[in-house]
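In: Sequence plus the predicted model coming up.
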Amino acid sequence: MAGWIAGVAAAATLPRLRAAHAAVDGDDPALPAGTRDSAEWLALPGKQPLIKRSYRPPNLETPRRWFNSVLTPNDAFFVRYHHAGIPEVALADWRLALAGPSIAKPLTFTMDDLRRRFEPVEITALCLCSGNRRGLFEPHVTGIQWGRGAMGNARWRGVKLADLLAAAGLQPGALEVVLDGTDTALLGGPDYRKSLPVWKANDPNVIVAYEMNGAPLPHWNGFPARLVVPGWTATYWVKHLASIEVIERPFDGFWMKTGYRIPRAKFPVVERFVSQESETTTPITEIAINTLVTAPQRGARLAAGRPVVVEGMAWDAGYGIDRVEVSVDGGTNWRNASLGDDAGRFSLRPWRHEFTPAAKGPLVVMARATNRIGVTQAAGPIANPSGYHHNVVEPIELLVT
C-alpha cells in the first residue's frame, strides 16, 4: 500500500503533461464530459504516466501512442483493479495452492517449483479489459469510463495451467477451475474470484505467467504470478494468483453469476462457457475483433499532394486477422491495408496504408478488421448493460491544407 500512496502523491508533479497530450490521449470527444474533465496523468511506482480513470482502486489507461509497437512496454501497461487492497507479496513468501474436490492430490507450489518442475512456455497475447472503450457507448452506461487504452500486448512466460492440473491429478467429473488472487476489498464486498471451464483450463495456451516481456511481472500487473488466458477478456486473467480450486459444479461467486455477463446470442461468440449460462445471459468470454488507428492523430493537418501513412493495430480472439480495410472518405470507399508481421494469433497485428490526399478540406479516415472466420468489427455499438465489447469503427477527423 505504501507504493500506491506514493504513486498518488506523484500525480501532483505531472499536470504539465496533460496540456501536452490530453487532446491525443485522454480527451476523446466521444467520452463523457465528466470523464474528460477528470482525466489526469498518474505515474505509479515503476510506471510511466498513464491516464487515471480512478484512484481507489487504481485504474489507469495506456495512452494511444504506446500502441505504435506490437509489444506494450511493462512500464506503460494499463492497470486494472476491482479492489483497493493490493498487498506487495515477497517472492520468498509466495505460494500457489492447488486443491479442490476434483483433485486427487492437493499441491502447493513455490516460484522455484514452477520454474524447476515444469516446462516453460512463452506466448504473445493481448490482455484487454472487457470494458475497454466503455466510455464511448451512447447512451453512456455505468462502470469505469474507459477510452481506448484499457489493453496491452505482451510476451508472457510461465507454465501451462494444464501441467499443474495434471500434476495434481484432475479427477473425472471436474467441471470448473476457480482462481483467486491476493487483492481484497478494504471495505467489504465480494472477493474477486473467477472460474474457467475445465476444457479451457486445459488449453495449452492458458498459462500461469511469471514473466512479462522478458522481465518479472510488474507489481501492478500481477506479481509474482498471474493467469494468462489468450483470446479471452482480461476478467479471467487473475492477478497475484494465490489459489486454484477444481470443482464439479458451476461456481456461484459474484464475479461469475452477476458480474461480467452479456445478453445471450447478441455477440458472435464461438467459445461459450455453457455451465455458467442462464436463459438470458452468458459470461463474457472471447475478445471482439477490433482495430486502433495509431497514426495520424485526430486533428492532424495534412498537406494536399503529399503521401500520408495510416497505420495501427488489429486484433481478435485468436482466429487470426484476415484483412484490414481503410477508408479515407468517411466510409464510402475501402481499400485493403498491408498487414505487418504476425507475432501470433493472440497478438496485436500491425497494419499500414498509404494514400495521397488531393483536395483541401476536412477528411475522415476509418479502419475496420475482418478475421479468418468472417467476422467484421461492428458499424454500430451492440447495446448491453455493462458496456462490454465496444468495437465500433473509429472515425479519425483530419484537415488537409
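Out: Received the coordinates, thanks. Numbers count the residues shown, from 1 in each chain.
In: ok, for the residue nearest the centre of the chain, nearest residue in space, not its chain neighbours?
Out: For the chain, the residue nearest the mean C-alpha position is Leu128 (1.2 Å; Cα atoms, centre = their mean). Excluding its sequence neighbours, the residue lying closest to Leu128 (Cβ to Cβ, 6 or more residues apart in numbering) is Met151, at 4.1 Å. In this view, the C-beta of every residue, glycine as well, is placed from N, C-alpha and C.
In: Tell me the confidence at the one you found?
Out: Looking at Met151, its pLDDT stands at 98.
In: before we move on, what about Pro190?
Out: pLDDT for Pro190: 94.
In: right, and it touches Trp255 too?
Out: Yes: at 6.6 Å, Pro190 and Trp255 qualify as touching, with contact defined as Cβ atoms under 8 Å.
In: If you count surrounding residues, which of these two has more?
Out: Per other Cβ atoms under 10 Å, whichever of Pro190 and Trp255 has more neighbours is Trp255, with 20 against 14.
In: Mind listing what's buried along whichever strand or helix holds the more buried one?
Out: Under the criterion of DSSP states H and E, Trp255 resides in helix 254-257. Judged by neighbour count using 16 or more other Cβ atoms under 10 Å, the buried positions of helix 254-257 are 255-257.
In: ok, those residues vs Gly100, which is closest?
Out: Closest approach to Gly100 among the buried residues of helix 254-257 (Cβ to Cβ): Met256, at 15.6 Å.
In: quick one, what contacts Pro230?
Out: Pro230 makes contact with 123, 125-126, 205-206, 318, 346, according to Cβ atoms under 8 Å, 6 or more residues apart in numbering.
In: immediately after the helix holding Trp255, which helix or strand?
Out: Moving toward the C-terminus from helix 254-257, the next element (DSSP H and E) is strand 261-263.
In: Pairing partners for that following strand, with directions?
Out: Strand pairing for strand 261-263, using DSSP bridges, gives strand 281-283 (antiparallel).
In: Toward the C-terminus, what is the element adjacent to the strand it pairs with?
Out: Sequence order places strand 290-295 as the next helix or strand after strand 281-283, per DSSP H and E.
In: What helices and strands are in contact with that next one?
Out: Using 3 or more Cβ pairs under 8 Å, 6 or more residues apart in numbering; DSSP states H and E as the contact test, the elements touching strand 290-295 are strand 308-315, strand 361-371.
In: For those, give me JSON lines that also has mean pLDDT.
Out: Shown next, in JSON lines, are the helices and strands packed on strand 290-295 (pLDDT from 0 to 100):
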{"stretch": "strand 308-315", "mean pLDDT": "98"}
{"stretch": "strand 361-371", "mean pLDDT": "98"}
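In: so can I have a markdown table of the ones you listed showing distance to Gly143 and mean neighbour count?
Out: Formatted as a markdown table, the helices and strands packed on strand 290-295 follow (distance: least, Cβ to Cβ, whole Å; neighbours: other Cβ atoms under 10 Å):
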| stretch | distance to Gly143 | mean neighbour count |
| --- | --- | --- |
| strand 308-315 | 22 | 22 |
| strand 361-371 | 25 | 20 |
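In: Out of the ones you listed, the one nearest Arg261 is which?
Out: Checking the helices and strands packed on strand 290-295 against Arg261 by Cβ to Cβ gives strand 308-315 as the closest, at 22.6 Å.
In: The helix or strand following the closest one pairs with which strands?
Out: Next in sequence after strand 308-315, counting helices and strands by DSSP H and E, comes strand 321-327. Sheet partners assigned to strand 321-327 using DSSP bridges are listed as strand 335-336 (antiparallel), strand 361-371 (antiparallel).
In: Other residues contacting the last one?
Out: Around strand 361-371, the neighbours that count as contacts under Cβ under 8 Å, 6+ apart are 289-291, 293, 296, 302, 310, 312, 314-317, 319-331, 334, 337, 351, 353, 357, 376-377, 393-400.
In: Of those residues, keep whichever come out buried.
Out: Using 16+ other Cβ under 10 Å as the threshold, 289-291, 293, 296, 302, 310, 312, 314-317, 319, 321-328, 334, 337, 351, 353, 357, 376-377, 393-396, 398, 400 are the buried ones among the contacts of strand 361-371.
In: Phi first, then psi, for Asp93.
Out: Backbone torsions of Asp93, given as degrees, to the nearest 10, read phi -90, psi -10.
In: Could you check the pLDDT of it?
Out: Looking at Asp93, its pLDDT reads 96.
In: Count the neighbours of it for me.
Out: 8.
In: residues touching it, list them.
Out: Asp93 neighbours (Cβ under 8 Å, 6+ apart): none.
In: Apart from its chain neighbours, what residue comes closest to Glu122?
Out: Arg157 (4.7 Å).
In: by contact count, what packs against the one helix or strand that neighbour maps to?
Out: Using DSSP H and E, Arg157 falls within strand 151-160. Where contact means 3+ Cβ pairs under 8 Å, 6+ apart, strand 151-160 is packed against strand 121-128, strand 207-212.
In: Dump the C-alpha coordinates for the longest one into CSV.
Out: Extracted C-alpha coordinates of strand 121-128, given in CSV (Å, rounded to 0.1, in the frame of the first residue of the first chain):
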residue,chain,number,x,y,z
VAL,A,121,6.3,-21.7,-22.3
GLU,A,122,6.0,-18.3,-24.0
ILE,A,123,3.1,-16.8,-25.8
THR,A,124,2.4,-13.3,-27.1
ALA,A,125,-1.1,-12.3,-26.3
LEU,A,126,-3.3,-9.2,-25.9
CYS,A,127,-4.7,-8.5,-22.4
LEU,A,128,-7.8,-6.5,-22.9
